[in-house]
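# using only what follows, build the 3D model:
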Amino acid sequence: MAELSPRALSLAFVDPEGFEVRFALFETLATRRIDILYLFPGGIGVARNLGAFVKQTKTPLDDLIPGWRSLRRAKLAAGERLSAEEMTVYHLLFFSQHPVGLELWRGVTQIEPSGQRQLRF
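Numbers count the residues shown, from 1 in each chain. Coordinates of the predicted model:
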């Protein structure tokens, strides 16, 4: 980060293998003009480990999502079956401090991998 110009518009792609990411990373990135694409392991990481995490006093999830224990899903985690939608392996999350970032993201996501653009109705 020290090598980036304060005037630079940047994109950080965060793709962890597990729970190496800490909330402090996002706090640091937010001090600059950096948009973030985060491949969040919602189903494969969180859903698989949630039952065990709620029984532990300190987990990797505490460093990633402070306050997660107060969420409904955490309170119901012990043995509850998840729907197919909740078992989505990964979620691609986009964060931007500027409204134009979201506008650009929406434009990019309208393009199929083949290059074909979608029409909004």
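
# for this structure, longest helix please?
Secondary structure of the chain read by DSSP state H shows that its longest helix is helix 99-108.

# that helix packs against which elements?
Applying 3 or more CB pairs under 8 Å, 6 or more residues apart in numbering; DSSP states H and E, one finds that helix 99-108 contacts strand 91-95. Bear in mind the C-beta positions are built from the backbone N, C-alpha and C, glycine included.

# how far off helix 99-108 does the strand it packs on point, in degrees?
140 degrees (axes from the mean of the first three to the mean of the last three CA atoms, to 10 degrees).

# please work out how many residues are found near the nearest residue to Gln118 once chain neighbours are set aside.
Sequence neighbours aside, Gln110 is the residue nearest to Gln118 in space, at 4.8 Å (criterion: CB to CB, 6 or more residues apart in numbering). Gln110 has 12 neighbours, counted by other CB atoms under 10 Å.
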